[in-house]
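**Student:** Fold the following and give me the result.
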Amino acid sequence: MIIDFSSVSELELLPTGVYPAVVVAVELRESKSSPDPYLNWTFELTSEAYLGRKVWLVTGLGSRALWKLKDTLEALGETGLTGEVELDPAKFIGKTCRVVVTQEVYNGQTRNRVDSVLPAEEGQIR
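**Tutor:** Below is the predicted model of the structure:
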């Protein structure tokens, strides 16, 4: 089998900014560095210039990290997040929002990451 990678270019980094997006996946994963699992969120950008680009967010499920999950869920329209709450991550697939995308260096490479999630803009399909 011969595969020609000569036309493959590196994906350009997104500029830091706020982008309209939709949740396309939420997966429960086990952490390699913590006893607590986490949710791995996949967002697909819906702005014309970056249509279809994916960005990711990790929200830990340990007690010290739950503030980020709560902020994310509230941005996606969830209410009543006090005490114990039954959470079905699949319920958020298809929800629209805005994501704050930044850049970080990880293992010597600069990459994009979702810093936070904001509610959808007025008129953005929910």
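
**Student:** List the buried residues for stretch 4-22?
**Tutor:** 14, 19-22 (16 or more other Cβ atoms under 10 Å). C-beta here means a position set from N, CA and C on the backbone, and glycine is covered the same way.

**Student:** Show me the beta-bridge partners of Leu39.
**Tutor:** Counting by DSSP bridges, Leu39 is bridged to Leu28, Thr59.

**Student:** Give me the neighbour count for it.
**Tutor:** Using other Cβ atoms under 10 Å, the number of residues around Leu39 comes to 20.

**Student:** residue ranges of the strands in the protein, please?
**Tutor:** 17-29, 38-45, 54-60, 96-106, 109-118 (DSSP state E).

**Student:** Return the most buried member of those.
**Tutor:** strand 38-45 (a mean of 20; mean count of other Cβ atoms under 10 Å).

**Student:** And the residue nearest to Lys70 when sequence neighbours are not counted, how close does it get to Lys32?
**Tutor:** Among residues not flanking Lys70 along the chain, Leu81 sits closest, at 5.3 Å (Cβ to Cβ, 6 or more residues apart in numbering). Computed as Cβ to Cβ, to the nearest Å, the Leu81 to Lys32 distance reads 28 Å.
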